[in-house]
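Enquirer: give me a model of this one.
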Amino acid sequence: MTDPQPGVVVLDALTRADGARCGELEALLFPGDDPWPARAFVEQLGAPQNHYVAARLDGRLVGYAGAARLGVRPPFEYEVHTIGVDPAQQGRGIGRRLLADLLAFAADGPTFLEVRTDNAAALALYQSVGFVTVGVRKRYYPGSRADAFTMRRDPEETT
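Expert: Presented below is the predicted three-dimensional model:
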């Protein structure tokens, strides 16, 4: 396998070694919303029903995303746990690529997520790939007590 070209963002598996950097990015991205610590990422990586992906630029973690398959037998539902991109790298399509990876993992069932009602960039991304708002969770985020939309995306029909 050859090394990626400099300046090219590569997606691969998130690893336990990435936990500390994920915790740093969470604190930077979600300071008032009870961000996940490094240990939360490490714990999630150990669960067989979870799928976590990393975005790396020149070997450095610049983004992460994770989702879970819910249930033990089909039909499955899926839940997006988290998506985060280093603010210095936002606007380059990294979040969209991470989300596409999660949706490929969840291709056979509906996918749910929660997002702050005031996170316009995330809402636009989610709506652009077919998520629709199905409810509001009042005071969902423990730190800020901000509200969240619950969103759902059904799998694409194949004909």
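
Enquirer: could you look up the SS state of the residue nearest to residue 142 when sequence neighbours are not counted?
Expert: Spatially, and ignoring its direct neighbours in sequence, residue 142 is nearest to residue 34 (4.4 Å; Cβ to Cβ, 6 or more residues apart in numbering). From N, CA and C alone the C-beta is placed, and that goes for glycine too. Following DSSP: H, G, I helix; E, B strand; the rest coil, the label given to residue 34 is coil.

Enquirer: so what pLDDT did residue 34 get?
Expert: Predicted confidence (pLDDT) at residue 34: the value is 82.

Enquirer: pull the contacting residues for it.
Expert: 141, 142, 143 (Cβ atoms under 8 Å, 6 or more residues apart in numbering).

Enquirer: who wins for neighbours among those?
Expert: Within the contacts of residue 34, most neighbours by other Cβ atoms under 10 Å means residue 141, with 17 neighbours.

Enquirer: so what's that one closest to, chain neighbours aside?
Expert: Residue 141 sits nearest to residue 33 (Cβ to Cβ, 6+ apart), 4.1 Å away.
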